[in-house]
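Student: Structural data only, the sequence is not supplied:
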């Protein structure tokens, strides 16, 4: 498996810019958590980030997606200019859109199947859940317009809009201060004015892209590697280590963990341990608009991990970590297959949610996700083997982000 | 130890002293006692019960109307009323049930306002979250609506109990119901009102094969729906009794 992982050779093997395997590892972990959390009733879901922090795998995924986008499209922008980078980004958006529509069709079939299997047509009708049966043509149109997003099909539409926002903002990657200033301004304005993209079933999007763009652009700014003028080291945006900042981040995460654990405790203990004011504050921590506490939590977590796990850490290359690194290096196919598998996992747990099925769903699901990563890596290696060796410059920089098996989001 | 935990200890002791057969009867169709812990007292209900008249308002979506049961008398609010009347023959009971198919928290909050404008209630049972989860509506909007509604109930001098969505494998499979349950739980804690964890209780019944509406054969659907509503009412009676006992033990809680 090690031979399939990009950049897993000994750290000193390649000079120049090394691939940061930590990013791949954490993206792989986030992708596994997204699969697990998308299967309601899955016992492993009790072990994912959302139980011990105010943020969850979605925040990690969006931040790392921004990082990957900043790295890939930033380098295309510098090497081949805006038009090329924008075209390649547009292609990626197209791929994501097609993937989303495919998953929507699968989801519809899954709901139909599980409704038939459980004979719950009366229940569907009672809930008005069956919008698809009521107005199939309109539902399809609204799904194409991304205004109809069934439960658990809300991350890809968010991602599509985030990349669309990056399109005009590409040149701003070179001026991270301005980019982040504008992005923060939009975030604040959207939160204060309570603006969201409209949803067909009422209200707004489950993940408001206009708010979540801030986290995404923070990732972009961190991922972008400026091309250094001759003879000077690259000045990548970085937040240096400071003990006070680290302590603050640690404290914040501890408080978040305490709050999350208490809210999940039995209701009796909740009332005893959780003062009313704190509960009220926690009830206002919304995911839709990326509440500042959620934003700060993921940033604190990233800050601590980035400084506490050294870039050459041995365990990141360990046997246990490699499957996740592999998943992280092939983010898009793994994500899409993960959502697809979560549908199957839900049907399986609907039949039985006892431990044999729990074990089967999680083992099969995660093994298949690693398999998808491995196939992507194998394909990339074969493709690279049949191509003439690229020039010096191209080898040092991340490759174009167009193919499905590429490292880009 | 706080005064409240003392009162709980006393309650526990008195339960142990009850004749053994009574406890083994599993008064709420076998629902575990810890799921029926109210977590907060109901002082207004205690006062009203002591004064001999209790006015209860039930608002929510279709499930308060007992869909699929043999008739309106089998719906859980009606069963609850009957059980309370049987338990306290001298108590003057007034039940108002306002439910609507596919009612969101905002819809039921409107019903709540309408009823509160007519006269006060000692207890409001507010069932919510199912429709939000099924349609994937904004959690935040539901939370704000619940906050405002509960403030209104308290301002009118009444107690409230929140009731979370029904357990259903279908709902669990096809909606993000946990996000809404979590939010309802926090709202209940923020207002120090009891939460009836209907989802967990019903899941327990389904796991224990006590009542499982979704897996009931077609010909047994109506009987199962009747039993479910009866069991829900029994569970609520237990929760209310405990919350009233807590209120009596701590008279100056508010």
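Tutor: All right, it came through fine. As the structure is a prediction and not an experimental result, all values here were calculated from the model. Residues are numbered from 1 along each chain as shown, chains lettered A, B, ... in the order given.

Student: Show the contacting residues for residue A:158.
Tutor: Residue A:158 makes contacts with A:62, A:205, A:207, A:209, A:212, as judged by Cβ atoms under 8 Å, 6 or more residues apart in numbering or on different chains. For glycine as for every other residue, the C-beta is placed from the backbone atoms N, C-alpha and C.

Student: If we use 7 Å, what do you get?
Tutor: Residue A:158 is in contact with A:207, A:209, A:212, counting by Cβ atoms under 7 Å, 6 or more residues apart in numbering or on different chains.

Student: Of those, which belong to helices?
Tutor: If you go by DSSP state H, those have A:209, A:212 in helices.

Student: which one of the contacts of residue A:158 sits closest to residue B:70?
Tutor: Within the contacts of residue A:158, the smallest distance to residue B:70 is 43.4 Å, found for residue A:207 (Cβ to Cβ).

Student: Angles on the backbone of that closest one, please.
Tutor: Phi and psi for residue A:207, reported as degrees, to the nearest 10, are phi -110, psi 110.

Student: That one contacts residue A:152, correct?
Tutor: No - at 11.6 Å, residue A:207 and residue A:152 do not qualify as touching, with contact defined as Cβ atoms under 7 Å.

Student: What is the subsequent helix or strand relative to the lowest-mean-pLDDT helix or strand in chain B?
Tutor: Between all helices and strands in chain B, the lowest mean by mean pLDDT, DSSP states H and E belongs to helix B:20-24, at a mean of 42. Moving toward the C-terminus from helix B:20-24, the next helix or strand (DSSP states H and E) is helix B:43-51.

Student: Check whether that following helix comes near chain A.
Tutor: No - residues of helix B:43-51 are not located near chain A by Cβ under 7 Å from any Cβ of the partner chain, the shortest gap being 14.7 Å.

Student: what separates that helix from the chain centre, distance-wise?
Tutor: From the chain centre to the centre of helix B:43-51 is a distance of 17 Å (Cα atoms, centre = their mean, to the nearest Å).

Student: mind listing what's buried in that helix?
Tutor: By 16 or more other Cβ atoms under 10 Å in any protein chain shown, the buried positions in helix B:43-51 come out as B:43-49.

Student: Ok, stretch A:87-101 next?
Tutor: Residues of stretch A:87-101 classed as buried: A:88-89, A:92-93, A:95-97, A:99-100 (neighbour count, 16+ other Cβ under 10 Å).

Student: With stretch B:47-66 instead?
Tutor: The neighbour-count check on stretch B:47-66 (16+ other Cβ under 10 Å) flags B:47-49, B:54-66 as buried.

Student: pLDDT below threshold where in the chain?
Tutor: Just going to use chain A. Scanning chain A for pLDDT under 70 picks out the ranges A:9-18, A:118-130, A:229-235, A:265-274, A:388-409.

Student: that's the wrong chain, I meant chain B
Tutor: B:1-26, B:251-254.

Student: switch to 50 and redo it
Tutor: Within chain B, the ranges that satisfy pLDDT under 50 run B:1-2, B:15-25, B:253-254.

Student: need the residues of it near chain A, please.
Tutor: Contacts of chain B with chain A, taken as Cβ under 7 Å from any Cβ, map to B:34, B:37, B:39-40, B:62, B:67-68, B:101-102, B:130-131, B:134-141, B:143, B:168-170, B:172-178, B:183, B:185-187, B:189-190, B:192, B:195, B:197, B:214.

Student: Leaving out sequence neighbours, find the closest residue to the residue nearest to the spatial centre of chain A.
Tutor: By Cα atoms, centre = their mean, chain A has its centre lying nearest to residue A:61, at 2.0 Å. Distance criterion Cβ to Cβ, 6 or more residues apart in numbering or on different chains; nearest residue to residue A:61, sequence neighbours excluded, is residue A:30 at 4.6 Å.

Student: how close does the one you found get to chain B?
Tutor: Separation of residue A:30 from chain B (Cβ to the nearest Cβ, to the nearest Å): 18 Å.

Student: about what we covered before: specify which member of the buried residues of helix B:43-51 is nearest to chain A.
Tutor: residue B:43 (14.7 Å; Cβ to the nearest Cβ).

Student: my read: that closest one touches residue B:247, true?
Tutor: Yes - the criterion here is Cβ under 7 Å, and residue B:43 meets it with residue B:247 at 4.3 Å.

Student: Where neighbours are concerned, which of the contacts of residue A:158 has the most?
Tutor: For the contacts of residue A:158, neighbours were counted using other Cβ atoms under 10 Å in any protein chain shown, and residue A:212 has the most, 28 neighbours in all.

Student: count of residues packed around residue B:40?
Tutor: By other Cβ under 10 Å, 26 other residues sit near residue B:40.

Student: that older thread, just want the phi and psi numbers for the residue nearest to residue A:61.
Tutor: In terms of degrees, to the nearest 10, the main-chain angles of residue A:30 are phi -60, psi -40.

Student: Then residue B:168?
Tutor: The phi/psi pair for residue B:168 (degrees, to the nearest 10) reads phi -160, psi 130.

Student: Can you tell me how far it is from residue B:134?
Tutor: 10 Å (Cβ to Cβ, to the nearest Å).

Student: okay, these two: which has more neighbours?
Tutor: The residue with more neighbours, out of residue B:168 and residue B:134, is residue B:134; 29 against 23, by other Cβ under 10 Å.

Student: what about that one, helix or strand, and which?
Tutor: Element membership for residue B:134 (DSSP H and E) is helix B:130-135.

Student: again, but for residue A:298
Tutor: Using DSSP H and E, residue A:298 falls in helix A:292-308.

Student: Which residues does that helix contact?
Tutor: Residues outside helix A:292-308 that contact it (Cβ under 7 Å, 6+ apart): A:26, A:53-55, A:59-60, A:63, A:214-215, A:239, A:241, A:246, A:249-250, A:252-253, A:256, A:285, A:287.
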